[in-house]
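Structure for the following, please:
(chains A and B)
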Amino acid sequence: MGKTLAEKVWNDHIVRQSAGEPDLLYIDLHLIHEVTSPQAFDGLRLSGRAVRRPELTLATEDHNVPTIDIDKPIADPVSRLQVETLRKNCAEFGIRIHSLGDVEQGIVHVVGPQLGITQPGMTIVCGDSHTSTHGAFGALAFGIGTSEVEHVLATQTLPLNRPKMMAINVEGTLKPGVTSKDIILAVIAKISTGGGQGYILEYRGRAIRQLSMEARMTICNMSIEAGARAGLIAPDEITFEYIKKRPHAPKGAEWEAALAYWKTLHSDSDAKFDKEITLNADELSPFVTWGTNPGQGVPLNTSVPIPSEFADEQERVAAQNALAYMDLKAGTPMKAIKIDTVFLGSCTNGRIEDLRSAAEIIKGKRIAGDTRMLVVPGSARVRLQAEAEGLDRVFLDAGAEWRSSGCSMCLGMNPDQLKPGERAASTSNRNFEGRQGKGGRTHLVSPLVAAATAIKGTLASPADL
Amino acid sequence: MEKFISHSGTGVPLRRSNVDTDQIIPAVYLKRVTRTGFEDGLFAAWRSDPEFVLKQPQFKNGTILVAGVDFGTGSSREHAVWALQNYGFKVVISSRFADIFRGNSLKGGLLTVILPQNEVEALWNAIEKDPNTQIDVNLQSRKVSYGGRAIDFELDDYTRWRLMEGLDDISLTLRKIEEVENFEKGRAAFKPKTLPILN
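Residues are numbered from 1 along each chain as shown, chains lettered A, B, ... in the order given. This next block holds a predicted model:
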């Protein structure tokens, strides 16, 4: 019987397989950052262990770094200690690190692909749940906890139970103004935040094949929001073209060998998926969330749902709680919702194409009077590229703030936070209570909706301008 | 890691579904570089509400958290497990856990027990009726028992053995390190390396 893409990658990395035990998988790339690694390095020191393969490990500072005044010492002493701890650990264990101010610094899931270190058929892990982003290249990539970070540092392997396989077929063609963010928000609304639990998702179909690598990364990034640790897309010419000129792409004969292998990385026609769902891209329109988990979303041109209409009691209670927290009335048109802050950035939508598409909408316009817009490039390279194209001027002239790269307001760990009661339209990935700042309220949107919302001051799509 | 064979204690009913890791511990509490001291961040936003279950004196000494479906969704922060443990929880019961949270909990010795939703509801009712209800969670027999009831739960044999022996995965893997060395000999030359730095 044929194999799925994920099964092929899994099988190629089995170090040890024995009945009654998890499979021991080899890890090709381990990405680390300042928040989930210090305790793992402490563990190594306590046991007198080394990092097994420093040359398969890469560190960057992203979660807890400021996005202004990055040439000055980090103001918060606790944050500074965390970042300095990463630098010390990398120096001690011989690990490559891209620190604040370095041209390769940025959000770990933007940096890997940008360097060409993310390639098809790899196993990639990081102490961050959005590691699923790298699945866009046909890699098996997933988030891990700190105990697992220590395990990978010490052994370059992880013991894992084989998940089930789910195919997500997105047929048809996206209409103009509809993006890959809208696809993934619609997928999560359809299968719920628990629907992907225990599965690896494979996104397939005509609409997926037509997407750029950056758009594919946005989809795979939010697999975790559907409950799946990993989501992937079979590599194709678009993938190979994206990798080819990157610094760490294979060269010469190695490129040919890699390409030959990568071309085998697709689900066989007779591969069996444990579950399969289908969406028609033609039917999709811009999608936004109204609640406090990413599954609580609706098309932008509809209204806040009415909790009493939910058949399932738990969903009904969750919807009531969400509306209370979000301070929304059932039945309110989504487009009537006033927004205080627009956040454009994150590992979901902080890449150059995201910035370009938002800038195109904003160009020559002014941001609504009492709306604030924060633009945070996903990496220092993205920032430089955007500045070379004059996008920074477009945002600044419209009245937006142009920042240095990092996770920023996506998780509100650094000073970029919502104030209590503030409402954001955010291109990030989580609308959890307080995620972007205590008491803050989040609506997840695409970069196009973010840009249009910044101009209108209420949730809007470019067509509404 | 400490061995886990069984635990007896009282329960805390958390009647909420989709309790994500940002609720369990918000990002601003993740700045410590140790594994301890995270108890202050546990459910930080909700704890400012005097009605919140952890603020109610009758549940103050509970060590078994009984939560709604999809507990631990969201980020991979193991700090969520540490915050629960630092606060004093030994067991979390829910009808469904997020994959990464569950993996982290079972690595770190916080037992996550999956029971059907109707059993979770029954347990909530029992605890709310009598907060002193003794709940026994036994990994040997894979049973949750209280008030004369005993409910079976599933946990794979390997994880159960590891928890009962108090073994950590790293030392288990290091026993088989020749197998890792053998695997490395067969890795394709085109696989990328992070060092040396290429421009």
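
all helices of chain B, in order?
Using DSSP state H, the helices found in chain B span residues B:21-24, B:44-47, B:79-87, B:99-108, B:117-129, B:157-165, B:169-174, B:177-185.

Of all these, which one comes closest to A:A271?
Minimum separation from A:A271 across these (Cβ to Cβ) falls at helix B:99-108, 22.2 Å. Yep, even glycine has a C-beta here, placed from its N, CA and C like the rest.

Can you say which of the helices of chain B is packed in most?
For these, the largest average neighbour count (mean count of other Cβ atoms under 10 Å in any protein chain shown) is found in helix B:21-24, namely a mean of 27.

that older thread, a markdown table for the helices of chain B, including mean pLDDT and distance to A:R246?
Shown next, in a markdown table, are the helices of chain B (pLDDT from 0 to 100; distance: least, Cβ to Cβ, whole Å):
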| stretch | mean pLDDT | distance to A:R246 |
| --- | --- | --- |
| helix B:21-24 | 97 | 33 |
| helix B:44-47 | 94 | 41 |
| helix B:79-87 | 97 | 33 |
| helix B:99-108 | 95 | 29 |
| helix B:117-129 | 98 | 48 |
| helix B:157-165 | 96 | 40 |
| helix B:169-174 | 94 | 32 |
| helix B:177-185 | 98 | 24 |
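
how much space between the residue found closest to A:L153 once you drop the neighbours it is linked to in the chain and A:I219?
Nearest residue to A:L153 in three dimensions, chain neighbours excluded: A:V51, at 4.9 Å (Cβ to Cβ, 6 or more residues apart in numbering or on different chains). Here A:V51 is placed at a distance of 32 Å from A:I219 (Cβ to Cβ, to the nearest Å).

So between these two, which is more surrounded?
Set side by side, A:V51 and A:I219 show more neighbours around A:I219, with 29 against 23, by other Cβ atoms under 10 Å in any protein chain shown.

so who does that one touch?
By Cβ atoms under 8 Å, 6 or more residues apart in numbering or on different chains, the contact list for A:I219 reads A:A136, A:S180, A:I183, A:I184, A:V187, A:Y203, A:I208, A:L211, A:G231, A:I233.

Shouldn't the fourth one be within a helix?
Yes - membership of A:I184 in a helix is supported by DSSP: H, G, I helix; E, B strand; the rest coil.

so how many other residues sit close to it?
Other residues lying near A:I184 total 29 when counted by other Cβ under 10 Å.

and if you look at the second one?
Burial of A:S180 is recorded as 30 neighbouring residues (other Cβ under 10 Å).

now it, nearest residue through space, not along the chain?
Closest residue in space to A:S180, ignoring its immediate chain neighbours: A:A215 at 3.9 Å, by Cβ to Cβ, 6+ apart.

That neighbour contacts A:D182, doesn't it?
No - here A:A215 lies out of contact with A:D182, judged by Cβ atoms under 8 Å, at a distance of 10.6 Å.

neighbour count winner among the two?
Between A:A215 and A:D182, A:D182 has the larger neighbour count (other Cβ under 10 Å), namely 27 against 22.

Per-residue pLDDT of that one, please?
Here, the pLDDT recorded for A:D182 equals 98.

That one reaches A:P286, doesn't it?
Yes - judged on Cβ under 8 Å, A:D182 makes contact with A:P286 at a distance of 5.5 Å.

Tell me who's in contact with B:K176.
With Cβ under 8 Å, 6+ apart, B:K176 has these contacts: A:V15, A:R16, A:L24.

Just these: which are in helices?
Of the contacts of B:K176, none are assigned to helices by DSSP H.

Show me these that map onto strands.
If you go by DSSP state E, these have A:V15, A:R16, A:L24 in strands.

What's the local residue count around the first one?
A total of 23 residues lie near A:V15 under the criterion other Cβ under 10 Å.

and it, what is it in contact with?
A:L24, A:L25, A:Y26, A:T157, B:K176, B:E179, B:V180, B:F183.

between these, which is nearest B:R35?
For those, the nearest to B:R35 is A:T157 (22.5 Å; Cβ to Cβ).

right, and the closest one touches A:L25 too?
Yes - between A:T157 and A:L25 there is a contact under Cβ under 8 Å: 6.2 Å.

what's the spacing between B:E78 and chain A?
For B:E78, the distance to chain A equals 4 Å [Cβ to the nearest Cβ, to the nearest Å].

That residue: neighbouring residues, count only.
Number of residues near B:E78 (other Cβ under 10 Å) recorded here: 30.

repeat for B:S76
30.

Would you state the predicted confidence (pLDDT) at it?
pLDDT at B:S76 comes out at 96.

Return the residues in contact with it.
A:T36, A:G127, A:D128, A:S129, A:T131, A:G143, A:I144, A:G145, B:I100, B:N104.

could you redo the last one with a cut-off of 10 Å?
With contacts defined as Cβ atoms under 10 Å, 6 or more residues apart in numbering or on different chains, the neighbours of B:S76 are A:36, A:125-131, A:142-146, A:148-149, A:224, A:229, B:21, B:98-101, B:103-104.

now the helices: where do they sit in the stretch 1-150 of chain A?
Here the stretch 1-150 of chain A has its helices, by DSSP state H, counting those that start in this stretch, at A:5-11, A:38-47, A:77-93, A:108-115, A:146-155.

Export only the CA atoms of the last one, formatted as PDB.
Taking only C-alpha atoms (Å, rounded to 0.1, in the frame of the first residue of the first chain), the coordinates of helix A:146-155 have been written out as PDB:
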ATOM      1  CA  THR A 146      11.600  22.100  27.200                       C
ATOM      2  CA  SER A 147      12.100  18.500  28.400                       C
ATOM      3  CA  GLU A 148      12.200  17.500  24.700                       C
ATOM      4  CA  VAL A 149      14.500  20.400  23.900                       C
ATOM      5  CA  GLU A 150      16.900  18.900  26.400                       C
ATOM      6  CA  HIS A 151      16.400  15.500  24.900                       C
ATOM      7  CA  VAL A 152      17.200  16.700  21.400                       C
ATOM      8  CA  LEU A 153      20.200  18.700  22.500                       C
ATOM      9  CA  ALA A 154      21.600  15.600  24.200                       C
ATOM     10  CA  THR A 155      20.800  13.000  21.700                       C
END
